[in-house]
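Student: any chance you could fold what I've pasted below:
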Amino acid sequence: MRKNSLFINWLSFVFAAALLLATPIGVYSQDDHSDEDEEVLESWDHEKDELKEDEESFNAGEMIMHHIADAHEIHIVGDFAIYLPVILYTDNGLEVFSSSHFYHNEKHGHRTNENGETEDYHYYAHGDFVMFHEHIYYADSDGGVSFDPDTGEATNAVFDLSITKSVFGIFLTVAILLLVFVSVARAYKKRKGEAPKGLQSFMEPLILFIRDEVAVPSIGKGADRFMPFLLTIFFFIWIANMLGLIPFIGGFNVTGTLSVTMVLAAIVFIITTINGNKHYWSHILWPAGVPFPIKIILVPIEILGIFIKPLVLMIRLTANITAGHIIILAFVSLILIFGESSAAAGYGVGVGSTLFMIFMFFIELLVAFLQAYVFTLLAALYFGDATQEAHH
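Tutor: Numbers count the residues shown, from 1 in each chain. Here you go, the predicted model:
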């Protein structure tokens, strides 16, 4: 990665939301109203000031969750964004249109939450559909969002097949993988028996590292048949993590998306289950040499372990990658929060926050590689457990 790309990852996020509020204020003279009117006026002004303060106050949690969540657009900087296609499967077939139709038609409504309180909410509308918190629903009779009166959750969801930011990030990661590995494979074929050059010289140590330090020690003799998957999963996670650290390309959070890591963990689970040999299943379902009372306790735990292992893979990767983004955005929030009180406080906190963000950015470069390595290593260990022969 170039030195330019080591710039702070928050610059594409800071100006994503503009906090503007214009409230007309009347001008009165002392002769125009009575003392009673003055009290009413002061009360009204006080309420207006409180409302304005509440609406203009910076919400750090909302900003952070907005930028780490999936979306139907890729926000680059300022007002510039790439609007992704919305693909909905409805009773009338497929509906395909640009997400700009949503984002350019923001509306506001009122709802009663689960506590019986009335609160404002904003959503985006287009035709018969509304988008609320980046999820798409059928519009109600008034053209707004339908909410369950008991839970306060939005209802009437549409079957959404859209290409979201995370999906686009997956496509981009796969494209980079194909470009790199096809190029390296052609170079090996063209320069057979010669020393590696260029991209080959960068990729070969990584490939040998996965084979010699991860696959072979963890799996043993049958490591070669698992190498294609282990190499794919390692480089996919690593490249996806690195995309999330490049400023001004949209702030991808591919491996911080739970649905993505769930699919990766599910593939590991399927491969482990299919390749499990007799020794593997007998150890889980009826371990030899264990007293029967202990088996009654041990067997259910072993069966649960089959599902807990991929679950741990999923949660660990999602939590570690998302945590890095949250920490960097939290430092950005500190600048904005203190900047609301005074410019001097904002600049003062900004210096320290910027230094910490640069430090965290370098740590995230290490974490991007480390999490790819840990996921690949654990997957290899699971494959090794499933294929190892009985010890005598």
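Student: mind checking which helix or strand residue 111 is in?
Tutor: Per DSSP states H and E, residue 111 falls inside strand 106-112.
Student: what does that strand contact?
Tutor: With Cβ atoms under 8 Å, 6 or more residues apart in numbering as the test, strand 106-112 has contacts from 118-125, 143-145, 147, 149, 152. To be clear about C-beta, it is placed using only N, CA and C from the backbone, and glycine gets the same treatment.
Student: farthest-separated two in those?
Tutor: 124 and 149 (23.0 Å; Cβ to Cβ).
Student: more neighbours: those two, which one.
Tutor: residue 124 (19 against 12; other Cβ atoms under 10 Å).
Student: show me the helices in the stretch 101-250 of the chain, by range?
Tutor: 165-190, 199-209, 216-219, 227-243 (DSSP state H, counting those that start in this stretch).
Student: residue 74: neighbour count?
Tutor: For residue 74, using other Cβ under 10 Å, the count is 19.
Student: any weak-confidence spans in this protein?
Tutor: The chain contains residues with pLDDT under 70 at 1-57, 113-114, 390-392.
Student: strands of that one, start to end?
Tutor: Using DSSP state E, the strands of the chain run over 73-77, 80-83, 85-90, 93-98, 106-112, 118-126, 129-132, 135-138, 159-160.
Student: distance between the last one and the chain's centre?
Tutor: Between the centre of strand 159-160 and the centre of its host chain there is 19 Å, according to Cα atoms, centre = their mean, to the nearest Å.
Student: so which elements touch that strand?
Tutor: The helices and strands touching strand 159-160, judged by 3 or more Cβ pairs under 8 Å, 6 or more residues apart in numbering; DSSP states H and E, are strand 85-90.
Student: what about stretch 150-168, start to end distance?
Tutor: 36 Å (Cα to Cα, to the nearest Å).
Student: same question for that stretch: list its buried residues.
Tutor: Buried residues in stretch 150-168, counting neighbours by 16 or more other Cβ atoms under 10 Å, are found at 154, 158, 160, 162, 164-168.
Student: for stretch 350-366, same thing?
Tutor: Buried residues in stretch 350-366 (16+ other Cβ under 10 Å): 350, 353, 357-358, 360-361, 364-365.
Student: end-to-end on stretch 199-217?
Tutor: Termini of stretch 199-217 sit 27 Å apart (Cα to Cα).
Student: list the buried residues in it.
Tutor: Buried positions in stretch 199-217, judged by neighbour count with 16+ other Cβ under 10 Å: 200, 203, 207, 210, 214-216.
Student: tell me the spacing between residue 226 and residue 115.
Tutor: Taking Cβ to Cβ, to the nearest Å as the measure, residue 226 falls 52 Å from residue 115.
Student: what about those two, which has more around it?
Tutor: Looking at residue 226 and residue 115 with other Cβ under 10 Å, you find the greater number of neighbours at residue 226, namely 19 against 7.
Student: excluding chain neighbours, what is closest to that one?
Tutor: Excluding the flanking residues, the one nearest residue 226 by Cβ to Cβ, 6 or more residues apart in numbering is residue 383, at 5.3 Å.
Student: give me the neighbour count for the one you found.
Tutor: The burial count for residue 383: 25, using other Cβ under 10 Å.
Student: that one and residue 158, how far apart?
Tutor: Residue 383 is 39 Å from residue 158, by Cβ to Cβ.
Student: hang on, residue 156 packs against residue 141?
Tutor: No. Counting by Cβ atoms under 8 Å, residue 156 stays clear of residue 141, with 11.2 Å between them.
Student: highest neighbour count among the contacts of strand 106-112?
Tutor: Result: residue 145 is most packed of these (other Cβ under 10 Å), 24 neighbours.
Student: distance between the strand holding residue 111 and the chain's centre?
Tutor: Distance, centroid of strand 106-112 to centroid of chain: 26 Å (Cα atoms, centre = their mean).
Student: can you tell me the strand partners of that strand and which way each runs?
Tutor: strand 118-126 (antiparallel) (DSSP bridges).
Student: next, the angle from the partner strand to strand 85-90.
Tutor: 100 degrees (axes from the mean of the first three to the mean of the last three Cα atoms, to 10 degrees).
Student: neighbouring contacts of strand 118-126?
Tutor: 97, 101-103, 105-113, 130-132, 139, 143-145.
Student: one step back: can you lay out the buried residues of stretch 150-168 as CSV showing distance to residue 185?
Tutor: Written out in CSV, the entries for the buried residues of stretch 150-168 read as follows (distance: Cβ to Cβ, whole Å):
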residue, distance to residue 185
154, 48
158, 42
160, 37
162, 34
164, 31
165, 30
166, 28
167, 27
168, 26
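Student: picking up where we left off before, so which of the strands of the chain is the most surrounded?
Tutor: For the strands of the chain, the largest average neighbour count (mean count of other Cβ atoms under 10 Å) is found in strand 129-132, namely a mean of 22.
Student: can you list the domain ranges for the chain.
Tutor: Listed domain ranges for the chain are 85-160, 183-387 (source: automatic domain parsing).
Student: is it correct that residue 262 is in contact with residue 314?
Tutor: Yes. Look at residue 262 against residue 314 with Cβ under 8 Å: they come within range, at 5.2 Å.
Student: more neighbours, these two?
Tutor: Higher neighbour count among residue 262 and residue 314: residue 314, with 22 against 17, using other Cβ under 10 Å.
Student: how near is residue 203 to residue 181?
Tutor: 8 Å.
Student: so which of the strands of the chain is nearest residue 369?
Tutor: strand 73-77 (24.5 Å).
Student: show me what that closest one is packed up against.
Tutor: Looks like strand 73-77 contacts helix 11-14, strand 80-83, helix 165-190 (3+ Cβ pairs under 8 Å, 6+ apart).
Student: reformat the ones you listed as CSV; add distance to residue 284.
Tutor: Listed next are the helices and strands packed on strand 73-77 as CSV, based on distance: least, Cβ to Cβ, whole Å:
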stretch, distance to residue 284
helix 11-14, 46
strand 80-83, 48
helix 165-190, 33
